[in-house]
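Visitor: Below are the sequence and a predicted model for it; my questions follow.
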Protein chains: 2
Amino acid sequence: MTYRVHIRVVPRAGLLDPQGQAVEHALAVLGFEGAGDVRVGRAIELAIDAASPEAAEAAARKMCERLLANPVTEDFSLAVEG
Amino acid sequence: MTYRVHIRVVPRAGLLDPQGQAVEHALAVLGFEGAGDVRVGRAIELAIDAASPEAAEAAARKMCERLLANPVTEDFSLAVEG
């Protein structure tokens, strides 16, 4: 069966995030108040053929570890859709 | 109260996504089989001061419409964390 997997890759907490800072500044300039601590990362969606949701998640985790996320600077999270 | 909002911005279905194609190709080269239809977008997390989760979501939606997403080429989705 084919599962749709949603992956989020974000800069690790405590690491500098210039893109997040730029967005935070732009939001303030546009008049949005009360927004802070902005982090910008990547959202990756893909279809994975697997026998079960658990197998799809395990495959996606390996993909993150090998290609999609930088283990030194980034954290990732996974969600498998029905 | 401060709410943590998770935003996903992805290229609209049907639009070309060169970054997604590159990732798909790289996964195949690395030997990952059964992965396809890869889309790469942005994952944005921010803290919003608001009176309720609904108010935080409404504020985040406005931010997406004005700054964070391109309404012509991208779709966005929101999730407010307790």
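Guide: Received, thanks. Numbers count the residues shown, from 1 in each chain, chains lettered A, B, ... in the order given.
Visitor: Kindly tell me how buried residue A:16 is, as a neighbour count.
Guide: For residue A:16, the neighbour count with other Cβ atoms under 10 Å in any protein chain shown is 9. C-betas here are computed from N, CA, C, even on glycine.
Visitor: Check the secondary structure at it for me.
Guide: Put simply, residue A:16 is coil when judged by DSSP: H, G, I helix; E, B strand; the rest coil.
Visitor: and stretch A:60-69 with chain B, contact?
Guide: Yes - Stretch A:60-69 reaches chain B (Cβ under 8 Å from any Cβ of the partner chain) through A:62-63, A:66-68.
Visitor: Let me have those in JSON lines, extended by distance to residue A:30, neighbour count and secondary structure.
Guide: Supplementary listing: those in JSON lines, determined by distance: Cβ to Cβ, whole Å; neighbours: other Cβ atoms under 10 Å in any protein chain shown; DSSP: H, G, I helix; E, B strand; the rest coil:
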{"residue": "A:62", "distance to residue A:30": "40", "neighbour count": "13", "secondary structure": "helix"}
{"residue": "A:63", "distance to residue A:30": "36", "neighbour count": "25", "secondary structure": "helix"}
{"residue": "A:66", "distance to residue A:30": "39", "neighbour count": "14", "secondary structure": "helix"}
{"residue": "A:67", "distance to residue A:30": "35", "neighbour count": "14", "secondary structure": "helix"}
{"residue": "A:68", "distance to residue A:30": "31", "neighbour count": "22", "secondary structure": "helix"}
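Visitor: Closest to residue B:56 out of these?
Guide: residue A:68 (28.6 Å; Cβ to Cβ).
Visitor: just the strands in chain A please.
Guide: A:2-11, A:35-49, A:74-81 (DSSP state E).
Visitor: ok, back up a step: if we only consider the residues of stretch A:60-69 next to chain B, which is nearest to residue A:44?
Guide: For those, the nearest to residue A:44 is residue A:68 (5.9 Å; Cβ to Cβ).
Visitor: So which bits of chain A are right by chain B?
Guide: A:6, A:8-10, A:20, A:23-24, A:26-27, A:30, A:32-50, A:59, A:62-63, A:66-68.
Visitor: hmm, try it at 7 Å
Guide: Residues of chain A lying close to chain B by Cβ under 7 Å from any Cβ of the partner chain are A:8-10, A:23, A:26-27, A:30, A:32, A:34-50, A:59, A:63, A:66-67.
Visitor: Just give the closest residue to residue A:15, not the sequence neighbours.
Guide: In space, and not counting its chain neighbours, residue A:15 is closest to residue A:73: 5.8 Å by Cβ to Cβ, 6 or more residues apart in numbering or on different chains.
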